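>>> Okay, here's the prediction I keep looking at, along with the sequence it came from:
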Amino acid sequence: GLPPSPVEAAEAGLLQEGASPGAAQRALNLLRKEAKEEHSRSLDRLADVVAARVGKKGPYDDIINMIQKMIFREMNAQKEEDEHKNWCDMELNKTNASIEDKQGKMDELSLKIKEHEASAMELAKEIEEANIMVEKITAHVEEATEIRKIGKEENTLAIKDAQEAQTAVSNAISVLKDFYKSSGAMPKEAYELVQAPVTLPDTPSTWDSGYTKVADPAAQPDGIVSVLEKISADFAQMESDTNAQEASDQAAYDEDMKACKIEKARRTKEAEMKTQERKRVLEQQSVLQSKHKAIKGELEATEQYMHDLQPACVEGSSTYEDRKMAREMEIEALQEAQGLLQGAFDATTAAPPAS
C-alpha cells in the first residue's frame, strides 16, 4: 500500500509518545469531523498542525495559544457580524418605513392632484357656461332694443296718423255742419240766426228754388255727420289703444332690460369669481405636483438605497442564523479540542519516562 502521509504519521506518533492517546485522538477526530461538516479550512489546517506537532517533544503552548487565538478571532467575527446584523436590521426597517411613508404621501398627493384637476375642469365648464349666457343676454338685449325701436317708431307713426285723421275728420265735420246749418238742413245753435226750413216741392225747379237736403245729416246711423263722427271716434280709440300698447310695450321692455342687466351682472361676476377660484386651484395643483415630484425623487433614492443594502444585508449563500450557528459550533469544537489537547499534553508532561 501507499506510505502514510506526514499528518497520518504524526497522528500515529502522538499515540506512540504515550500522550494520553484517548484524549489526543478525540481532539484530532473532533477537529477533523468539525472541519469536514462545516467545510472549515481553518479547522482543517489546525488539525494538520496539531497532528504534525504532537510527535515532537517540548511544550505545546503554541498550539494552545493558536487555538485560543482562533477562538478569539471567531468570537470577534461573531461580534462584528452581530453589530452588522443590528445595523442592517435597523437600516432595513428604517428604509422600509421610509418607503411606505413616501409611497403613502405620494398616493395622497396623487388623489389631491386628481381632485384639483377635476375641480379645475368643472370650474372651466361653469366659466364657459357663464360667458355663453352673458353673450346670449347681450345678443337678446340688442335684438330686443332693435325690436323696441321699430315698435316705438310704428306706434309713434300710428298715433300721428290717428291724430291727423281726427283733425281732418273734425275739420270735415265742421265744414259740413256750417254748410248744413246755412242751408237749414241742421238747426243752428241758439246764438245763430234761425231760418225756416225749405220745403221740397213735388216738382222742384233747378233754377227757381234753393238747395233742399235729401236726408237729415245728423240722423243715426246713416247721416254723413254721424258717420264722420263715428270715424273720428274710431281714430281716437285707435290713438288711445296705440298709446296704451306703446306704454305696455315700453314697460315690458324696461322690465326685460332690468332683468337682463341684473342677470348679466350676476353671470359676469360669477365668471370673474370662478376664474379667480380656478386660478387658485391650478396654483395649488402646481404646488401639489411639485411636492409629488420631490417625494418621488426621495422615494427613488430610498428604493435605490434599499437595493444597495441587499448584497450586504440580505443576499448571500447563507443566512445570518446559519453563519452564527456554524461559528458557535466551530468555537465550541475549538474549545473542546483545546481542553482535550491541554489535558493530553498535561498528561504527557506528567508521565514518567519510559524504562
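Looks like it came in fine.

>>> Give me the mean pLDDT for stretch 174-186.
Stretch 174-186 comes out with an average pLDDT of 82.

>>> So that it lines up with my notes, have the first residue be 588 from now on.
Happy to do that; since the first residue is 588 now, the last one works out to stretch 761-773.

>>> Quick check: buried residues in it?
Neighbour-count burial for stretch 761-773, with 16 or more other CB atoms under 10 Å as criterion, is recorded at 763-764, 767-768, 770-773. In short, each C-beta sits where N, CA and C put it, glycine included.

>>> again with stretch 851-871
Buried residues in stretch 851-871 (16+ other CB under 10 Å): 851, 854, 857-858, 861, 865, 868-869.

>>> and that stretch, how far from the chain's centre?
Centroid separation for stretch 851-871 versus its chain: 18 Å, with CA atoms, centre = their mean, to the nearest Å.

>>> can you redo the buried residues of stretch 851-871 as CSV with pLDDT and secondary structure?
Formatted as CSV, the buried residues of stretch 851-871 follow (pLDDT from 0 to 100; DSSP: H, G, I helix; E, B strand; the rest coil):
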residue, pLDDT, secondary structure
Lys851, 96, helix
Arg854, 96, helix
Glu857, 96, helix
Ala858, 96, helix
Lys861, 97, helix
Arg865, 97, helix
Val868, 97, helix
Leu869, 97, helix
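
>>> and which of these is nearest Asp836?
Asp836 has its nearest neighbour among the buried residues of stretch 851-871 in Lys851, at 21.6 Å by CB to CB.

>>> what stretches of the stretch 788-937 of the chain score poorly on pLDDT?
788-809, 904, 927-937 (pLDDT under 70).

>>> So which residue is dead centre in this protein?
Most central in the chain under CA atoms, centre = their mean is Lys701, positioned 1.9 Å from the mean C-alpha point.

>>> chain center to the strand or helix carrying it, what's the gap?
Assigned by DSSP states H and E, Lys701 falls within helix 648-770. Between the centre of helix 648-770 and the centre of its chain there are 11 Å (CA atoms, centre = their mean).

>>> just checking, what packs against it?
helix 628-640, helix 811-896, helix 907-937 (3 or more CB pairs under 8 Å, 6 or more residues apart in numbering; DSSP states H and E).

>>> just those helices: most buried one?
Among the helices and strands packed on helix 648-770, helix 628-640 has the highest mean neighbour count (mean count of other CB atoms under 10 Å), at a mean of 19.

>>> about what we covered before: ok, so of the buried residues of stretch 761-773, who is nearest Val814?
Distances from Val814 to the buried residues of stretch 761-773, taken by CB to CB, are shortest for Leu763, at 10.3 Å.

>>> Please look at the closest one and Leu815 and confirm they touch.
Yes: at 7.2 Å, Leu763 counts as touching Leu815 under the criterion of CB atoms under 8 Å.

>>> how about Ala772, secondary structure?
Per DSSP: H, G, I helix; E, B strand; the rest coil, the secondary structure class of Ala772 is coil.

>>> and the gap between it and Ile811?
10 Å (CB to CB, to the nearest Å).

>>> With Ala759 instead?
9 Å.

>>> hmm, back to that, which one of the helices and strands packed on helix 648-770 lies closest to Asn680?
Nearest of these (CB to CB): helix 811-896, 11.0 Å.

>>> what's the closest one packed up against?
helix 648-770.

>>> how many degrees apart are the helix it packs on and helix 811-896 in direction?
180 degrees (axes from the mean of the first three to the mean of the last three CA atoms, to 10 degrees).

>>> Next up, the contacts around the closest residue in space to Ala823 that isn't next to it in sequence.
Sequence neighbours aside, Gln753 is the residue nearest to Ala823 in space, at 5.8 Å (criterion: CB to CB, 6 or more residues apart in numbering). Gln753 sits next to 819, 822-823, 826 when contact means CB atoms under 8 Å, 6 or more residues apart in numbering.

>>> Can I get these in a markdown table including distance to Asn683?
A markdown table is the format used below for these (distance: CB to CB, whole Å):
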| residue | distance to Asn683 |
| --- | --- |
| Ser819 | 106 |
| Phe822 | 101 |
| Ala823 | 100 |
| Glu826 | 96 |
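
>>> And the furthest pair within those residues?
Counting by CB to CB, the most remote pair of the contacts of Gln753 is Ser819 and Glu826, 10.6 Å apart.

>>> Next up, the contacts around the closest residue to Ser697 other than its chain neighbours.
What sits nearest to Ser697 in space, not counting adjacent residues and going by CB to CB, 6+ apart, is His879, at 6.6 Å. Counting by CB under 8 Å, 6+ apart, His879 makes contact with 693, 696-697, 700.

>>> With Glu678 instead?
896, 900.

>>> mind running it again at 6 Å?
Glu678 sits next to Leu896 when contact means CB atoms under 6 Å, 6 or more residues apart in numbering.

>>> Could you check how far it is from Ala707?
Counting by CB to CB - Glu678 and Ala707 are separated by 42 Å.

>>> now do Glu859
Taken as CB to CB, the span from Glu859 to Ala707 is 16 Å.

>>> Equivalent analysis for Gln872, please.
7 Å.

>>> For His626, give me phi and psi.
phi 50, psi 50 (degrees, to the nearest 10).

>>> per-residue confidence at Glu643?
Careful, residue 643 is Lys and not Glu. Reported pLDDT for Lys643: 53.

>>> what does stretch 685-701 contact?
With CB under 6 Å, 6+ apart, stretch 685-701 has contacts from 875, 878-879, 882, 885-886, 889.

>>> cutoff 8 Å now
872, 875-876, 878-879, 882-883, 885-886, 889-890, 893.

>>> Thanks again, I'm all set now.
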